[in-house]
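Trainee: Here is a sequence with its predicted model. Questions after.
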Amino acid sequence: MRYLIGIGNYQALDDSIGLRIAEAVADRGLERGFQAIELGGNLLDLVHYLGEGSEGVLVVDSARMGREAGEFAFFTPDDVVTRKNVGGFSTHEGDLMKVLEFAAALDEPLAPVTILGIEPAEIRTGSGLSGILEARFDEYVAAAVGFWPAKR
């Protein structure tokens with residue numbers, strides 16, 4: 001199975017983009033050879049989708065990449081280094097790169113992971129998306145769905 005996994009926080013404006021994309025893909029019936037999952041809360045749950053039986057994982061999330069707000073890019077964990085300051089390993093700190101490092105340390109075969117990062121315009125307490133990301137939302141959904149060719 002292949003997975004499109006949206007991560008983020010619904011109560012932090014653009015930080016919710018990954019969750020909203022996974023939700024839209026599922027609600028619109030756009031899953032073609034993959035399963036869309038909203039993975040809020042504990043990022044350690046991602047480990048369950050990386051192991052045996054998984055062909056690949058596309059993680060969708062907001063990412064500060066130094067681009068213009070609303071721009072997006074596909075990249076692998078090997079392409080980036082986290083700049084997030086965390087105090088260790090905690091279920092409350094939500095660092096995707098640390099979770100992937102933890103999964104690799106389990107010494108089990110892992111599915112390939114790609115990240116669809118979307119540059120946020122605003123991350124602060126609030127619901128919805130900034131106008132910039134809202135205007136491009138369907139473009140992000142299409143990019144996420146188009147990542148894998150449909151299985152026959």
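Mentor: Good, I have the coordinates. Numbering: from 1, shown residues only.
Trainee: Identify the residue spatially nearest to A69, adjacent ones excluded.
Mentor: Leaving aside its chain neighbours, A69 sits nearest to A121 (3.6 Å; criterion: C-beta to C-beta, 6 or more residues apart in numbering). The C-beta positions use only the backbone N, C-alpha and C, and glycine is treated the same way.
Trainee: surely that neighbour meets E134?
Mentor: No: counting by C-beta atoms under 8 Å, A121 does not reach E134; the two are 9.7 Å apart.
Trainee: okay, and for the chain, where does confidence drop off?
Mentor: For the chain, the stretches flagged by pLDDT under 70 are 41, 82-94, 150-152.
Trainee: center of it, which residue is that?
Mentor: The residue lying closest to the centre of the chain (C-alpha atoms, centre = their mean) is V60, at 2.3 Å.
Trainee: Doesn't it belong to a strand?
Mentor: Yes: under DSSP: H, G, I helix; E, B strand; the rest coil, V60 sits within a strand.
Trainee: Name the nearest residue to it, sequence neighbours excluded.
Mentor: Distances taken as C-beta to C-beta, 6+ apart put G18 closest to V60, at 4.0 Å, once the chain neighbours are dropped.
Trainee: so where does that neighbour fall, helix or strand?
Mentor: Using DSSP states H and E, G18 sits in helix 17-27.
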